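K.L.:
Need a 3D model of the following:
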Amino acid sequence: MIDEQGEKQGEMSLEAALSLAQTAGLDLVEIVATANPPVTKIMDYGKFKFQEQKKRNEARKRQKIVELKEVKLRPMIDIHDYQVKTKAMHRFFAEGDKVKVTMRFRGREMAHQHLGLDLLVRLKNDFADTAKVEAEPRLEGRQMTMVMAPKNS
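P.N.:
Predicted structure coming up:
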């Protein structure tokens with residue numbers, strides 16, 4: 001048995017342990033039931049449950065849910081538009097989110113898929129220090145996709 005200060009009291013009967021807990025005005029809680037003899041502790045069980053609930057709530061607040069953001073590009077994107085897209089991607093990576101880069105091909109652009117692949121490789125090189133590629137560029141129908149994630153996660 002362990003008393004309310006956390007000190008070992010040694011083995012004792014159930015009645016003696018219950019009487020000690022009653023005199024202290026606390027509860028007798030079984031900590032390790034599988035041990036021989038079982039380990040019990042004198043504590044305020046309501047306060048203990050409250051503290052555990054607070055710890056769980058704090059852990060839930062601290063966890064970050066990673067979202068998958070999408071950035072859509074075209075093979076003949078202008079320099080300024082490219083910079084706007086990369087600025088948004090920097091913000092997404094700073095927030096800890098993953099980014100799915102989608103390259104859309106229309107009409108005759110399908111004949112020049114190498115331009116889209118070159119643009120995705122350029123993106124990969126531009127973000128080499130802040131992000132890693134989780135899914136390499138892959139053509140699916142009329143669009144090529146690549147998934148990137150921040151390096152710090």
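
K.L.:
Which residues does the helix ranked longest in the chain contact?
P.N.:
If you go by DSSP state H, the chain has its longest helix at helix 45-62. Identification of contacts with helix 45-62 by Cβ atoms under 8 Å, 6 or more residues apart in numbering yields Leu26, Asp27, Val29. All C-beta atoms are positioned from the backbone trio N, CA, C, and that covers glycine.

K.L.:
how about the CA coordinates for that helix, as CSV?
P.N.:
This file holds the C-alpha atoms of helix 45-62, laid out as CSV (Å, rounded to 0.1, in the frame of the first residue of the first chain):
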residue,chain,number,x,y,z
TYR,A,45,-10.1,9.7,-6.8
GLY,A,46,-12.3,12.5,-8.1
LYS,A,47,-9.4,14.9,-8.2
PHE,A,48,-7.2,12.2,-9.9
LYS,A,49,-9.9,11.7,-12.6
PHE,A,50,-10.2,15.5,-13.1
GLN,A,51,-6.4,15.9,-13.5
GLU,A,52,-6.3,13.0,-16.0
GLN,A,53,-9.1,14.7,-18.1
LYS,A,54,-7.2,18.0,-18.1
LYS,A,55,-4.1,16.2,-19.4
ARG,A,56,-6.1,14.6,-22.2
ASN,A,57,-7.6,17.9,-23.1
GLU,A,58,-4.2,19.6,-23.2
ALA,A,59,-2.8,16.8,-25.4
ARG,A,60,-5.8,17.2,-27.8
LYS,A,61,-5.2,21.0,-28.0
ARG,A,62,-1.5,20.6,-28.8
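
K.L.:
got the buried residues for that helix?
P.N.:
Across helix 45-62, burial judged by 16 or more other Cβ atoms under 10 Å covers no residue at all.

K.L.:
Assign Gly6 to helix, strand or coil.
P.N.:
Following DSSP: H, G, I helix; E, B strand; the rest coil, the label given to Gly6 is coil.

K.L.:
residue contacts, the spatially most central residue of the chain?
P.N.:
Centroid-nearest residue in the chain: Lys64, 4.7 Å away (criterion: Cα atoms, centre = their mean). Lys64 makes contacts with Gly96, as judged by Cβ under 8 Å, 6+ apart.

K.L.:
Noted, bye for now.
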